[in-house]
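Peer 1: one predicted model, sequence on top.
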Amino acid sequence: MNGIASAQPAATEQPVPARRGSATGAALVAVGILMSRVLGLVRQALIARYLGVGIAADAFWAAFKIANTLQNMLGEGGLSASFIPVYSSLLGRERHEDATRTAGAVLGLLALASAIIVAAGVVFAPLIVSLIAGGFTGEKRELTILLTRVFFPGAGLFVLSAWCLGVLNSHRKFLLSYAAPVAWNVAMIAALLWYGPRESLSRLAVHLAWASVVGAALQFVVQLPSVLHLLGRFRIAFSTRSAEVRQVLRNFGPASVSRGAVQIGSMIEQVIASWLPTGAVTMIGMASTVYVLPVSLFGMSVSAAELPELARSAAPDADALAAMRNRVDVALRRIAYFVVPSAVGFMVLGDVIIAALLRSGRFGETSTLFTWAILAGSAPGLLATTLARLYSSTFFAFNDTRTPFRFALVRLAVTTSLGAGFALLGPELLGIDARWGAAGLTLASSVGGWLELLLLRHRLDQRLQGGTGIAGRHMAILWGSAILAAAVGYGLKLLVGDLHRWIVAAVVLGGFGLVYLGATSLADVTEARGLTRRLLRRR
């Protein structure tokens, strides 16, 4: 894995700095995501402590995944990718009244569609569970059906919250939209602290699902005043007469699948994992929480900040295409600098990370070991997933949602076929515990992620009439520095292994981070120099 090397290394060794507005936007997105993710890790630690990895936990995670996939496909995935480019383009051309009318029509149609889907989800929950968690039987299946019915209204509220995110991001208001999930996490944490020590596992799962619905409502409400202020005189409509609204609707379906490929892949993993021993679904959900942290902080933050800017500047002339190539290359480097060490750390030091975050109460040593294996299986595809998100955003800036859609389908086909073989047949052929099959699922997803990235890059290079990517020498420096840092971290783990898990994590991960920063600074990596200057300035 040498990254995604550019066909034009000389052009990417010393990239032109990105516009300050884009870098600041990415930083604000990252800050907002970090705030919500930190509380998300607290939430996950409490879920692990009180629910463990039994029947109730599997039912909770299965129902949560069903609603979460709907939320991501219709909301943060499909809506942001189809709505933001159109809305941002109108703002960039000073057509503010048209932009406001488009936002009102999209909200009306989105609310109507969400209401229908939520109602269908509640009514047809037994059928949905049979399709998504076919391996569940008896008590586990019945509890999953109940929890699915509770989660669905919250998914509808999350979709409306994503509309707020689209408006705010288009106006370059990033912090509030990505910090709003703090309200959702606080609601669930409060429920866990109150009901966790008092209720049975099944009743705790139900209370936690209702807390998620309350939190979704809060997440929508906290963004609404700022959105209404930006829109001014605003009217909800259900009309598709506007060409811009029709453009959003045309792009919505393909964008939902292409942006939601990771979530759909996770759903497929759950379908297969439901046939594995009890606990597999829960441990995949726990590992996913850790895995998506660098994806969100470094992939989503950069891509979200770039999408409105790319949409404003998208044009077919040679100068505009050259500027977009440069913007993409700079963003790729920013993402890779942080994601490469994350991937290496997950593979080598994942046990330290999982133990520090999740090991307590009903989540013991065995669960920690298997969850680490699942995380390690997903780590090889971490860089591909984050870079692919940026490539997809560039296509969306041209209002091209069909190209990422086609490649997302290829990824899903590969992930499904390989995942089923690795998870269901692999352990039996190797004569190992069937629970190891869950790691096979995430490994298959990594293979699919790299294939999708290579296809996206090849097609985008044709579209931009020139090569994009990161120089091979630069990627070698990043991977070499990360491996060196992991070796030091592993040595520190052996030295302090008997201490408390939080102390072990602070020493091991702190040493890992310092060595990586030092090695990349000595190698004169641009991103390392900038990070070092910011740290010294704050000190």
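Peer 2: Good, I have the coordinates.

Peer 1: where does the prediction get shaky in the stretch 1-150 of the chain?
Peer 2: 1-33, 75-78 (pLDDT under 70).

Peer 1: let's see 50
Peer 2: Scanning the stretch 1-150 of the chain for pLDDT under 50 picks out the ranges 1-3, 6-21.

Peer 1: tell me who's in contact with the closest residue to residue 223 other than its chain neighbours.
Peer 2: Computed as C-beta to C-beta, 6 or more residues apart in numbering, the closest residue to residue 223 that is not its neighbour in sequence is residue 164, at 3.8 Å. Glycine gets a C-beta too; all of them are placed from N, C-alpha and C. By C-beta atoms under 8 Å, 6 or more residues apart in numbering, residue 164 lies in contact with 177, 180, 220, 223, 224, 226, 227.

Peer 1: and the fifth one, which helix or strand is it part of?
Peer 2: Assigned by DSSP states H and E, residue 224 belongs to helix 201-231.

Peer 1: export the contacts of residue 164 to a markdown table and tack on pLDDT?
Peer 2: Converted to a markdown table, the contacts of residue 164 look like this (pLDDT from 0 to 100):
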| residue | pLDDT |
| --- | --- |
| 177 | 73 |
| 180 | 82 |
| 220 | 91 |
| 223 | 89 |
| 224 | 89 |
| 226 | 89 |
| 227 | 88 |
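
Peer 1: scan the residues you listed and report the most crowded one.
Peer 2: residue 177 (27 neighbours; other C-beta atoms under 10 Å).

Peer 1: check the gap between that one and residue 133 for me.
Peer 2: Distance, residue 177 to residue 133, by C-beta to C-beta, to the nearest Å: 32 Å.

Peer 1: likewise for residue 344?
Peer 2: According to C-beta to C-beta, residue 344 and residue 133 sit 33 Å apart.

Peer 1: please apply the same query to residue 196.
Peer 2: In terms of C-beta to C-beta, residue 196 sits 24 Å off from residue 133.

Peer 1: then residue 167?
Peer 2: Taking C-beta to C-beta, one finds residue 167 at 35 Å from residue 133.

Peer 1: any idea how far the helix or strand containing residue 164 is from the chain center?
Peer 2: In the assignment (DSSP H and E), residue 164 maps to helix 138-170. Between the centre of helix 138-170 and the centre of its chain there are 16 Å (C-alpha atoms, centre = their mean, to the nearest Å).

Peer 1: quick one: low-confidence residue ranges for the protein.
Peer 2: In the predicted model, the chain carries pLDDT under 50 at residues 1-3, 6-21.

Peer 1: the longest helix in it is where?
Peer 2: For the chain, the longest helix by residue count, based on DSSP state H, is helix 318-358.

Peer 1: run the chain-centre distance for that one.
Peer 2: Centroid separation for helix 318-358 versus its chain: 13 Å, with C-alpha atoms, centre = their mean.

Peer 1: C-terminal to that helix, what's the next element?
Peer 2: Counting by DSSP H and E, the next helix or strand C-terminal to helix 318-358 is helix 365-378.

Peer 1: okay, the angle between the following helix or strand past that following helix and helix 318-358?
Peer 2: For helix 365-378, the succeeding helix or strand toward the C-terminus, using DSSP H and E, is helix 382-397. Per axes from the mean of the first three to the mean of the last three C-alpha atoms, to 10 degrees, the angle that helix 382-397 makes with helix 318-358 is 140 degrees.

Peer 1: now do helix 382-397 against helix 365-378, angle only.
Peer 2: Between helix 382-397 and helix 365-378, the angle comes out at 50 degrees (the same axes, to 10 degrees).

Peer 1: name the element the residue lying closest to residue 374 once chain neighbours are set aside belongs to?
Peer 2: Distances taken as C-beta to C-beta, 6+ apart put residue 287 closest to residue 374, at 4.0 Å, once the chain neighbours are dropped. Residue 287 belongs to helix 280-294 when elements are defined using DSSP H and E.

Peer 1: report the buried residues of that helix.
Peer 2: Residues of helix 280-294 classed as buried: 280-294 (neighbour count, 16 or more other C-beta atoms under 10 Å).

Peer 1: what of stretch 392-405?
Peer 2: For stretch 392-405, the neighbour count (16+ other C-beta under 10 Å) marks 392-401, 403-405 as buried.

Peer 1: and which of the residues you listed is nearest residue 114?
Peer 2: Closest approach to residue 114 among the buried residues of stretch 392-405 (C-beta to C-beta): residue 401, at 19.9 Å.

Peer 1: how much space separates that closest one from residue 450?
Peer 2: According to C-beta to C-beta, residue 401 stands 22 Å off from residue 450.

Peer 1: just to revisit the earlier point, just list what the following helix or strand past the helix holding residue 224 packs against, helices and strands only.
Peer 2: Heading C-terminal from helix 201-231, the first helix or strand you meet, by DSSP H and E, is helix 243-259. When contacts are defined as 3 or more C-beta pairs under 8 Å, 6 or more residues apart in numbering; DSSP states H and E, helix 243-259 packs onto helix 78-92, helix 96-123, helix 382-397, helix 402-420.

Peer 1: buried sites along the second one?
Peer 2: Just to be clear, that refers to helix 96-123. Using 16+ other C-beta under 10 Å as the test for burial, helix 96-123 gives 98-111, 114, 117-118, 121.

Peer 1: how about the shortest one?
Peer 2: Applying a neighbour-count criterion of 16+ other C-beta under 10 Å, one finds 78-92 buried in helix 78-92.

Peer 1: CA atoms only: put it into CSV for me.
Peer 2: The C-alpha trace of helix 78-92 is given here as CSV (Å, rounded to 0.1, in the frame of the first residue of the first chain):
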residue,chain,number,x,y,z
GLY,A,78,-27.5,11.9,-0.8
LEU,A,79,-28.9,15.3,0.2
SER,A,80,-25.6,17.1,0.8
ALA,A,81,-24.1,15.7,-2.4
SER,A,82,-27.1,16.7,-4.6
PHE,A,83,-28.4,19.9,-2.8
ILE,A,84,-25.2,21.7,-1.8
PRO,A,85,-23.7,22.0,-5.4
VAL,A,86,-26.9,23.4,-6.8
TYR,A,87,-27.6,25.7,-3.9
SER,A,88,-24.0,26.9,-3.6
SER,A,89,-23.9,27.6,-7.4
LEU,A,90,-26.9,29.8,-7.1
LEU,A,91,-25.4,31.7,-4.2
GLY,A,92,-22.1,32.1,-6.2
